[in-house]
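Colleague: With the input below, show me the fold.
(2 chains)
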Amino acid sequence: MNPDTRKMKTDRPRKNPLVMFIHKLGSPPWFYGFTGKFVPWLWAVFTVLTVWGLYLGLIKAPPDYLQGEIYRIMYIHVPAAWMSMMIYVLMAGMGFIALIWRIRTMEIMAMNSAPIGAAFTLIALATGSLWGRPTWGTYWVWDARLTSELVLLFLYLGVIGLFKAMDEPRKAARAASLLALVGLVNLPIIHFSVKWWNTLHQGSSISLTGSKIDPSMLWPLLIMAVAMKFYYAANLITRSRVTLLQQDLRKSWTRDVIEDATPERIL
Amino acid sequence: MNHAPFIWASYAISTLVLLWSAVAPLISKKAAIKNIRTFNLAKEQSRDADS
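Modeller: Predicted structure coming up:
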């Protein structure tokens, strides 16, 4: 080999492994095969953590000195509320990547985050309402925190609706991603609503600097919060893989996946 | 006030919503696989008819 050629080859900049990974994620067959390996494990970890968290939260943790037993709603309400906001940030982030770099799997993941986020927002609102009745004396008030969380649900529904309203999925995903990005403005409103306005909803008990909750009550909450992240990951991957199959119905890789795969690989 | 109905209702609603959110894509997947199989079968049949 010509020494100059050899030099040119070695001088070629090596691609960043992260960039390479993102490029690979952009390939639907690779994404389908790669992510499929994780799904059962993610569901398994979610199940174990949920059972553990609920055991500690509903059985082992003592009753609250002020609220008694009703505070146990916290173990589903708080993780769901956190997830509702976290998923929105991730959805907008993936939508941003999809808009800039036109990565189809990112569009699909952003759009599939919306129904999961909507589910968590609905849980946060419903459980909050059920918690509010015995503690505040009402199921609902037009309080800043509750109202901004309701707006978040409408934003999720808007993203889902806009995505489904258009025939061309890629165009629809880009339009819905734009809406998701605009809706980001609601997140600081939700977070700071309890500080900016005089609300019925209590302020944050957990911050980056510490927690006001006793460890016996805090640990189950943190375990449930982690469990919900595994739920999101497992559900998002499952939904995204299904969307890929639906969109690539006429492509040869889907036929290969269906015909070559064992039933568990298809799932 | 008895708090148990509120606590159980919260967990029941959450379980239903999370369960539905997890099961819905599996139902869609079944339909997608069926569609892919139907499409490929139709494609093979038209290829056989042409040859």
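
Colleague: C-alpha only now, for contacts and for neighbours.
Modeller: Noted.

Colleague: tell me which element A:F154 is part of?
Modeller: helix A:144-165 (DSSP states H and E).

Colleague: Now the very next helix or strand once past that helix: average pLDDT?
Modeller: As assigned by DSSP H and E, the chain's next helix or strand after helix A:144-165 is helix A:169-183. Average pLDDT, helix A:169-183: 96.

Colleague: Is stretch A:159-166 in proximity to chain B?
Modeller: No: judged by CA under 8 Å from any CA of the partner chain, stretch A:159-166 and chain B are separated, with a smallest distance of 14.0 Å.

Colleague: could you point out which element follows the strand or helix carrying A:Y231?
Modeller: If you go by DSSP H and E, A:Y231 is part of helix A:215-247. Proceeding N to C from helix A:215-247, the next assigned helix or strand is helix A:252-260, under DSSP H and E.

Colleague: Return that next one as CSV; C-alpha atoms alone will do.
Modeller: C-alpha atoms of helix A:252-260 as CSV (Å, rounded to 0.1, in the frame of the first residue of the first chain):
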residue,chain,number,x,y,z
SER,A,252,-39.0,-6.0,3.4
TRP,A,253,-37.4,-5.7,6.9
THR,A,254,-40.8,-6.0,8.6
ARG,A,255,-41.5,-9.2,6.6
ASP,A,256,-38.1,-10.6,7.7
VAL,A,257,-38.9,-9.7,11.3
ILE,A,258,-42.3,-11.4,11.3
GLU,A,259,-41.2,-14.5,9.3
ASP,A,260,-37.8,-15.2,10.9
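
Colleague: could you say what helices and strands that helix packs with?
Modeller: helix B:4-50 (3 or more CA pairs under 8 Å, 6 or more residues apart in numbering or on different chains; DSSP states H and E).

Colleague: Could you give the secondary structure assignment for A:P62?
Modeller: Classification of A:P62 by DSSP: H, G, I helix; E, B strand; the rest coil places it in coil.

Colleague: roughly how far apart are it and A:I70?
Modeller: 11 Å (CA to CA, to the nearest Å).

Colleague: Skipping its backbone neighbours, what lies nearest the one residue in the stretch 51-200 of chain A that gets nearest to chain B in space?
Modeller: Nearest residue of the stretch 51-200 of chain A to chain B, counting by CA to the nearest CA: A:T127, 5.0 Å away. Computed as CA to CA, 6 or more residues apart in numbering or on different chains, the closest residue to A:T127 that is not its neighbour in sequence is B:S10, at 5.0 Å.

Colleague: Quick one: residues contacting residue 29.
Modeller: Since you didn't name a chain, this refers to chain A. A:W253, A:T254 (CA atoms under 8 Å, 6 or more residues apart in numbering or on different chains).

Colleague: Sorry, I should have been clearer: chain B.
Modeller: A:V242, A:L245.

Colleague: can we see that at 10 Å?
Modeller: The contact partners of B:K29, by CA atoms under 10 Å, 6 or more residues apart in numbering or on different chains, come to A:T238, A:R239, A:R241, A:V242, A:T243, A:L245, A:Q246, A:I266, A:L267, B:V23, B:N35.

Colleague: For PyMOL, write the selection for the buried entries among these.
Modeller: Burial among those is assessed by 16 or more other CA atoms under 10 Å in any protein chain shown; the matching PyMOL selection reads:
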select buried, (chain A and resi 238+239+241+242+243+245+246+266+267) or (chain B and resi 35)
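
Colleague: Point to the residue nearest the middle of the chain.
Modeller: All of this is about chain A. A:I87 (3.4 Å; CA atoms, centre = their mean).

Colleague: Could you double-check that that residue lies in contact with A:L184?
Modeller: No: in this structure A:I87 lies outside contact range of A:L184 using CA atoms under 10 Å: 11.2 Å.

Colleague: hey, what's in contact with both of the two?
Modeller: Taking CA under 10 Å, 6+ apart as the contact rule, A:I87 and A:L184 both touch A:G93.

Colleague: buried set for the helix holding A:Y231?
Modeller: Quick answer for helix A:215-247 (16+ other CA under 10 Å): A:217-221, A:223-246.

Colleague: Also stretch A:194-208?
Modeller: Buried-residue list, stretch A:194-208, by 16+ other CA under 10 Å: A:V194, A:T199, A:H201.
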